[in-house]
Structures are given as C-alpha cells and as structure tokens.
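**Q** what follows is a predicted protein model with its sequence.
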Amino acid sequence: MSPNESRPEEFPRAARKAFAGAVTSVAESPRCVCCRRPLSDPVSVSRGFGRVCFGRVRLDQHAAMVAVVRQRIDQLSMTVDVMDADQLESVNSALAHLLDALGVIA
C-alpha cells in the first residue's frame with residue numbers, strides 16, 4: 001500500500017478525532033448575535049447579546065423611539081389650529097394626564 005492510499009483512511013479518522021469536541025463546545029457555549037463572542041452570563045445568554053452589544057442595541061432602539069415620538073408631536077402640533085373645541089379639550093386633558101404621569105410639572 002502506498003502512502004497516498006493510506007492517507008485517505010487516516011485523514012477522516014484524524015479529522016473526526018480533532019473535531020469531535022468542537023461541535024459539542026460550540027453547542028455548549030452560546031454566542032452573541034452581534035459580535036459572535038461567547039456568552040457566559042445567564043442574562044446575556046437569555047437575551048442573545050453580550051452586555052456591550054445589548055447596550056448598543058438599546059441605544060439604537062431608544063434613538064428610533066425618540067424619532068417616532070418627535071414625529072407624532074409634530075403631527076399633533078400641525079393639527080391643533082384646525083381642531084374644534086371638543087378635540088382641543090380632549091388633547092389638553094390627555095396631555096395633562098401624560099405630563100402628570102411622567103412627573104413633569106405643567
């Protein structure tokens with residue numbers, strides 16, 4: 001048997017041996033969805049994000065929500081001039097309750 005003929009037999013065995021634990025270790029160590037670093041903290045594992053990446057995601061979500069709220073406030077301010085008395089009273093009451101709930105002094 002030549003050396004080339006014996007290699008195909010030995011390579012798969014060696015490869016299986018070398019990678020046998022790799023599949024298990026990847027399955028046992030969850031990774032961050034963003035950066036793919038291993039996660040060990042139970043809270044991070046449940047979120048799927050490490051602490052730093054989760055902070056970035058939360059900042060992005062906050063910025064998006066701020067933009068939506070600003071847009072809605074702009075829409076409301078553009079329609080105030082054409083509201084009738086009942087609509088104005090409803091908006092005034094809703095805004096007073098909202099400001100009170102947020103702890104903002106009106």
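**A** Nice, thanks for sending it over.
**Q** from here on, just use CA atoms for contacts and neighbour counts.
**A** Will do.
**Q** quick check: longest helix of this structure.
**A** For the chain, the helix that runs over the most residues, judged by DSSP state H, is helix 51-79.
**Q** right, and the helix or strand after that one?
**A** helix 85-102 (DSSP states H and E).
**Q** okay, buried residues for that following helix please.
**A** By 16 or more other C-alpha atoms under 10 Å, helix 85-102 has no buried positions at all.
**Q** residue nearest the middle of this structure, spatially speaking?
**A** V57 (4.8 Å; C-alpha atoms, centre = their mean).
**Q** quick one: that residue from G50, how far?
**A** Distance from V57 to G50, counting by C-alpha to C-alpha, to the nearest Å: 10 Å.
**Q** about what we covered before: would you state the predicted confidence (pLDDT) at the residue nearest to the centre of the chain?
**A** Predicted confidence (pLDDT) for V57: 87.
**Q** could you check how far it is from S44?
**A** For V57 relative to S44 (C-alpha to C-alpha), the value is 13 Å.
**Q** quick check: the gap between the closest residue to R51 other than its chain neighbours and Q61.
**A** Nearest residue to R51 in three dimensions, chain neighbours excluded: S44, at 6.5 Å (C-alpha to C-alpha, 6 or more residues apart in numbering). Counting by C-alpha to C-alpha, the gap from S44 to Q61 is 18 Å.
**Q** hey, which helix or strand in this structure has the poorest pLDDT?
**A** Counting by mean pLDDT, DSSP states H and E, the chain has its least confident helix or strand at helix 3-28, which shows a mean of 52.
**Q** now do the helix or strand following that one, average pLDDT.
**A** Going down the chain from helix 3-28, the next helix or strand is helix 42-47, by DSSP H and E. When pLDDT is averaged along helix 42-47, the result is 89.
**Q** hmm, who's touching helix 42-47?
**A** Around helix 42-47, the neighbours that count as contacts under C-alpha atoms under 8 Å, 6 or more residues apart in numbering are P30, R31, C32, L39, G50, R51.
**Q** mind putting these in CSV, neighbour count included?
**A** Listed next are these as CSV, based on neighbours: other C-alpha atoms under 10 Å:
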residue, neighbour count
P30, 18
R31, 19
C32, 20
L39, 19
G50, 23
R51, 14
